[in-house]
Every structure is written in structure tokens, then in C-alpha cells.
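K.L.:
I'll drop the sequence and a predicted model, then ask my questions.
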Amino acid sequence: MRTRRSRKRRRLYRSLIRPIALAPVRLRSLPPAHWAALGVVAFILAFFIYSGLAWEFYDYPVVVKGGKVVSPEVVKALCGLEYYHIFFVNSKQCQKKLEGILEVREASVSVRFPPKVVVAVEEREPVMELISGGKSFLVDRDGVLMESRGRQLSLFRLFDDSGGDVRPGRKLSPVVLTIALKLKELGIEKEGELHYHPDEGFILKAKGGFPVYLGMTSYLMKTRLEAYRYVWGHLEAEGLKPAYIDVRAPDAPVYSIHSP
């Protein structure tokens with residue numbers, strides 16, 4: 001009986017106690033390279049434990065570069081970053097969601113250390129404001145219509161009288177956009193409100209309270225404006241108020257005198 005117990009004790013000593021007792025000796029005999037590897041493993045383990053518990057890995061800053069519509073709050077809400085561990089942030093997925101915003105042309109998302117998320121966006125820059133059906137839309141250089149989102153911008157205005165279905169995401173006709181911006185360069189804003197109708201083309205609602213029919217065709221707009229200014233200057237000098245002025249044929253403008 002004692003022999004069996006002695007054997008069990010010896011086996012227990014060899015399998016459990018002896019390796020533990022000899023561990024310090026073995027560790028002291030390890031070469032420096034092994035000690036360095038153990039140090040790295042210990043550091044990584046300690047870092048992961050710290051990062052899993054430290055609050056700054058859950059509540060980190062979101063920095064947005066180049067954003068006017070896109071703010072840190074928008075990024076957090078859209079990408080689900082509110083108290084979300086930074087190690088699990090999917091930058092590619094977040095980028096796709098940001099580029100799904102109509103006002104965003106391109107976006108890039110990167111995770112940095114110390115913990116923060118950096119977002120760089122190229123937003124569509126509005127070049128004109130379109131008023132249609134009492135609603136305001138911003139128009140970029142590609143003609144893409146965007147919501148104004150309450151932004152108070154000092155932009156050239158075009159009034160759409162088509163009565164069509166105008167909504168964000170749709171595109172303004174390239175011809176209409178080109179002519180409107182051409183008229184802006186020619187100083188049409190000083191003359192009154194610029195309107196557009198598919199059947200009549202561009203119409204200036206002059207400050208004198210009468211319409212001026214400008215038609216289409218970009219390269220003729222300068223000549224048409226000169227014809228309008230000449231006719232209106234002549235009528236004003238005579239004390240006459242026109243009911244309308246039509247300069248679609250600038251060499252032969254037509255007008256009608258307003259009856260008192």
C-alpha cells in the first residue's frame with residue numbers, strides 16, 4: 001500500500017511540483033532572444049487588456065476634414081461609432097455609407113492611434129440655387145440637385161417655372177446649367193430675377209416689372225442682353241413702360257408698350 005502511495009507521490013511530484021519548482025531555473029537559463037520574445041508577448045497581452053478596459057478606446061474623437069454638411073455627429077450616427085470600440089471600426093464600410101450622402105463626392109476614413117477616427121471628405125460645392133415649387137435646391141457644377149439643409153448661402157438664383165417633378169438627386173439639364181451660369185457671368189442678377197420655362201427658355205423678370213424673353217443658346221446671350229439694355233434705356237428715356245421685351249432675335253427685338 002505504501003509502495004503504491006509512494007509511486008503516486010513521485011508521479012505527482014514529477015508531473016506538477018517539480019516543473020513548477022524548476023521554472024525559475026529554466027527561465028534564468030533562457031537566452032536573451034527568448035526573454036525579448038516573452039517581453040513582447042507580455043506587452044501585447046497587457047495592451048489588449050488595457051485597451052479593452054480603457055474608456056478612450058470607446059469614446060474617441062472623430063475629426064472631419066473638408067466637411068460642411070458632414071460633421072463628426074453625422075459620421076458617428078451614420079457609421080455607428082457611438083461608444084463603439086475603435087478596434088472594430090470598419091473604415092471601408094463607413095466610407096461607403098458616407099459616399100452614399102448626396103452632398104459627398106468622395107470620402108476616406110482612417111483609424112489612428114492615439115484613438116481617433118479621421119474622415120476626409122470632398123463635398124459637392126454648390127454653384128447655384130434653384131427655386132422650384134416654393135422649395136430651394138442647391139446645384140453643383142455637375143447639375144446635381146441637393147437639399148439646402150437650412151444653409152444660408154449667397155448664391156445666384158434660378159427660378160424654375162416648369163412645374164416638373166424636381167427633387168434631390170436629380171440633375172439639372174447641362175444646357176440649362178451652362179446658360180444660367182453664363183448669364184450670371186454677364187451680370188443678369190443686377191437686372192432682376194432669372195426664370196426658366198421649357199417652352200419659353202430663359203425669362204428675365206426685370207426690376208421694372210416686365211418680362212424679358214431671352215430664349216436659349218449660350219453664345220447669343222451677351223448680344224441679347226445688350227439689345228435688351230438698349231431697348232429698355234430708350235423706352236425709359238421716353239417715359240414708356242413695356243409690357244414685355246423679346247430679344248430672342250437680338251438684331252430685331254420686339255416689345256409692347258404697357259397700356260396705362
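P.N.:
All right, it came through fine.

K.L.:
By mean pLDDT, flag the weakest helix or strand of this protein.
P.N.:
In the chain, the helix or strand scored least confidently by mean pLDDT, DSSP states H and E is helix 18-28, which has a mean of 51.

K.L.:
now the strands for the chain?
P.N.:
With DSSP state E as the definition, the chain shows strands at residue ranges 62-65, 104-112, 116-123, 126-132, 135-140, 145-147, 157-160, 192-197, 201-206, 211-215, 242-246, 254-257.

K.L.:
Against Val144, how distant is the most centrally placed residue in the chain?
P.N.:
Nearest residue to the geometric centre of the chain (Cα atoms, centre = their mean): Val104, 2.7 Å. Separation of Val104 from Val144 (Cβ to Cβ, to the nearest Å): 11 Å. C-beta coordinates here come from the backbone N, C-alpha and C atoms, glycine included.

K.L.:
Next, show the common contact partners of those two.
P.N.:
Common neighbours of Val104 and Val144 (criterion: Cβ atoms under 8 Å, 6 or more residues apart in numbering): Arg124.

K.L.:
where are the low-confidence patches of the stretch 1-150 of the chain?
P.N.:
Within the stretch 1-150 of the chain, the ranges that satisfy pLDDT under 70 run 1-39, 42-43, 46-48, 50-53.

K.L.:
what's across from Ala206 in the sheet?
P.N.:
Listed beta-bridge partners, Ala206: Gly192 (assigned using DSSP bridges).

K.L.:
Was I right to think it contacts Glu191?
P.N.:
Yes. With contact defined as Cβ atoms under 8 Å, Ala206 reaches Glu191; the gap is 5.9 Å.

K.L.:
Just the terminal-to-terminal distance for stretch 86-94.
P.N.:
From its first residue to its last, stretch 86-94 covers 13 Å (Cα to Cα, to the nearest Å).

K.L.:
Off-centre distance for stretch 120-127?
P.N.:
Counting by Cα atoms, centre = their mean, to the nearest Å, stretch 120-127 is centred 5 Å from the centre of its parent chain.

K.L.:
From start to finish, how long is that stretch in a straight line?
P.N.:
End-to-end distance (Cα to Cα), stretch 120-127: 21 Å.

K.L.:
From Tyr219, how far off is Asp246?
P.N.:
Asp246 is 19 Å from Tyr219, by Cβ to Cβ.

K.L.:
Neighbour count for these two, which is higher?
P.N.:
More crowded of Asp246 and Tyr219, by other Cβ atoms under 10 Å: Asp246, with 22 against 8.

K.L.:
Quickly list what that one is bridged to.
P.N.:
Beta-bridge partners, per DSSP bridges, of Asp246: Tyr213, Val254.

K.L.:
contacting residues for it?
P.N.:
Val212, Tyr213, Pro253, Val254, Tyr255.

K.L.:
How many residues are close by the third one?
P.N.:
To tie it back to what came earlier, the one meant is Pro253. Neighbours of Pro253 using other Cβ under 10 Å come to 18.

K.L.:
Could you double-check that it sits in contact with Val231?
P.N.:
Yes. Taking Cβ under 8 Å as the definition, Pro253 is a contact partner of Val231 at 5.3 Å.

K.L.:
Quick check: neighbours shared by the two?
P.N.:
With Cβ under 8 Å, 6+ apart as the test, Pro253 and Val231 both reach Ile245, Val247.

K.L.:
List the buried residues of stretch 85-94.
P.N.:
Of the residues in stretch 85-94, Ile86, Val89, Cys94 count as buried by neighbour count, 16 or more other Cβ atoms under 10 Å.

K.L.:
So what's the residue count around Asp257?
P.N.:
That one is not Asp; residue 257 is Ile. Ile257: 12 neighbours (other Cβ under 10 Å).

K.L.:
Same check on Glu122?
P.N.:
For Glu122, using other Cβ under 10 Å, the count is 14.

K.L.:
Return the set of residues that bridge with it.
P.N.:
Glu122 forms beta bridges with Glu106, as assigned by DSSP bridges.

K.L.:
From Lys68, how far off is it?
P.N.:
For Glu122 relative to Lys68 (Cβ to Cβ), the value is 11 Å.
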